[in-house]
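1. generate a structure from the sequence data that follows.
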Amino acid sequence: MEGMEDRVDLRYSPRLGLALGGGGALGAAHVGVLQVLLEKGIRPELVVGTSAGSVIGAAYAAGTDPYELADLVLRADWGHFGTFSFTPGLGILDTEGLRRTIDEVAGGDRLIEDLPIRYAAVATDVATGKAVLLSEGSLVDAMSASIAVPGLFKPKRVRGHLLVDGGVVQNLPLQAAFEIGASEVIGVRLAAEWDALPQLRTGTSIHELEIDARVTMIRPQIGQRTQWSTGDIPGLIQLGREAAERELAQYAVVSPRATDAEAEVRAQEAANLVRGASGGSFASVRESIATRAGSLRDRAEGLLGTEGAGSVARLRRRDRRDADAR
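-> Numbers count the residues shown, from 1 in each chain. Next up is the predicted model:
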């Protein structure tokens, strides 16, 4: 086995890639991995995701703080990603719910090429059975195609291709990461390759990449958890952290997450600066901040509540009230 001293220092790799595998609700483990990478000063310059990995990867590429991302994942509900479709087709859900969530939370769809970190999502072409790498155009369209599990979600048409979940052919997108320019890759596997159809089996070739010297693999110990259950999201995030800490133990923590006490001190220091400019007391400043934060929290809970159908119904009632008022 190659000695650790011979491995490339990932903190200084010029084109470090991150490959986030598919796995449904298990994708929450990716968040824990991202937190550890941040803490250890490891900054991938490009990210590729399959299925659930495409959603978490998009958040990373957009610059979302991994601790804030954990809060979003904890609030997430299947109602935010899929809505029932009553039109005939190859699935019972469409991904319009995902588009609405991105519009509401991220302030609208974005072009992939405008993201601060290079990003691509992997999907599967229904006609050819080949992987399609979506590295430009609509971010939401790319994610919608990558998560379109056959039989569950309707295929997504993007740039003339009818696409389904990338996990059909590349559940861990290591090859895709190298294709867009990575020199070394951190791969996070949550589930095995599908290999459901003989003509689409890719498990052997992907395994060869997993043992490539240029690849650092992180494998959260998922145990008996399934990709369809969202009952232990906090536990999955922690499993991601533990796996990353285990595989990256040689790297020291350079950006520890602030403790509650440290955060309070920093908040007081910031408030003191505001107090100096406004003449107000620390208590009044904190009360003002808390009031504004509460308002924002209420708004977020309205958009990201755990009762997907209830949230939609509330939004519709609000729209009707607004229309009546006009």
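
2. elements contacting the helix or strand hosting residue 121?
-> Element membership for residue 121 (DSSP states H and E) is strand 118-125. Here strand 118-125 touches strand 46-50, helix 52-61, strand 131-134, helix 139-146, strand 161-165, helix 167-170, going by 3 or more Cβ pairs under 8 Å, 6 or more residues apart in numbering; DSSP states H and E. (Each C-beta comes from the backbone N, C-alpha and C, glycine too.)

3. among these, which is nearest residue 111?
-> Proximity to residue 111, assessed across those by Cβ to Cβ, is greatest for helix 139-146 (7.0 Å).

4. which regions of the protein sit below the pLDDT cut-off?
-> 1-6, 76-108, 194-204, 258-326 (pLDDT under 70).

5. where do the helices of it begin and end?
-> 28-39, 52-61, 66-75, 96-106, 139-146, 167-170, 174-179, 203-210, 233-247, 260-278, 282-304, 308-325 (DSSP state H).

6. which other helices and strands contact the fifth one?
-> Read that as helix 139-146. helix 52-61, helix 96-106, strand 118-125, strand 131-134, strand 156-158, strand 161-165.

7. a markdown table for the ones you listed, including mean neighbour count and distance to residue 172?
-> Output for the helices and strands packed on helix 139-146, formatted as a markdown table (neighbours: other Cβ atoms under 10 Å; distance: least, Cβ to Cβ, whole Å):
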| stretch | mean neighbour count | distance to residue 172 |
| --- | --- | --- |
| helix 52-61 | 27 | 8 |
| helix 96-106 | 18 | 22 |
| strand 118-125 | 28 | 9 |
| strand 131-134 | 22 | 12 |
| strand 156-158 | 19 | 21 |
| strand 161-165 | 23 | 13 |
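
8. circling back to that earlier point, Serialize the helices and strands packed on strand 118-125 to JSON lines and add fields for distance to residue 73.
-> Formatted as JSON lines, the helices and strands packed on strand 118-125 follow (distance: least, Cβ to Cβ, whole Å):
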{"stretch": "strand 46-50", "distance to residue 73": "14"}
{"stretch": "helix 52-61", "distance to residue 73": "8"}
{"stretch": "strand 131-134", "distance to residue 73": "22"}
{"stretch": "helix 139-146", "distance to residue 73": "14"}
{"stretch": "strand 161-165", "distance to residue 73": "19"}
{"stretch": "helix 167-170", "distance to residue 73": "19"}
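
9. about what we covered before: the strand holding residue 121: partners in the sheet, and parallel or antiparallel?
-> strand 46-50 (parallel), strand 131-134 (antiparallel), strand 161-165 (antiparallel) (DSSP bridges).

10. for the nearest residue to residue 180 once chain neighbours are set aside, list each beta-bridge partner.
-> In space, and not counting its chain neighbours, residue 180 is closest to residue 120: 5.5 Å by Cβ to Cβ, 6 or more residues apart in numbering. Here residue 120 sits in beta bridges with residue 48, as judged by DSSP bridges.

11. shouldn't residue 120 be in contact with residue 132?
-> No. Assessed by Cβ atoms under 8 Å, residue 120 is found out of contact with residue 132, at 10.0 Å.

12. what about residue 244, distance to residue 141?
-> Taking Cβ to Cβ, to the nearest Å as the measure, residue 244 falls 30 Å from residue 141.

13. neighbour-wise, which of these two wins?
-> residue 244 (27 against 22; other Cβ atoms under 10 Å).

14. the more buried one contacts residue 36, doesn't it?
-> Yes. Using Cβ under 8 Å, residue 244 is in contact with residue 36, at 3.7 Å.

15. check contacts around the nearest residue to residue 115 once chain neighbours are set aside.
-> Among residues not flanking residue 115 along the chain, residue 61 sits closest, at 4.5 Å (Cβ to Cβ, 6+ apart). Shown in contact with residue 61 (Cβ atoms under 8 Å, 6 or more residues apart in numbering): 47, 112, 115-119.

16. out of the residues you listed, which end up buried?
-> Among the contacts of residue 61, those classed as buried by 16 or more other Cβ atoms under 10 Å are 47, 112, 115, 117-119.

17. make TSV from those residues and add distance to residue 126 to it.
-> What follows is the buried ones among the contacts of residue 61, written out as TSV (distance: Cβ to Cβ, whole Å):
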residue	distance to residue 126
47	25
112	22
115	27
117	29
118	27
119	23
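
18. out of those residues, the closest to residue 220 would be?
-> Residue 220 lies nearest to residue 47 out of the buried ones among the contacts of residue 61, by Cβ to Cβ, at 17.4 Å.
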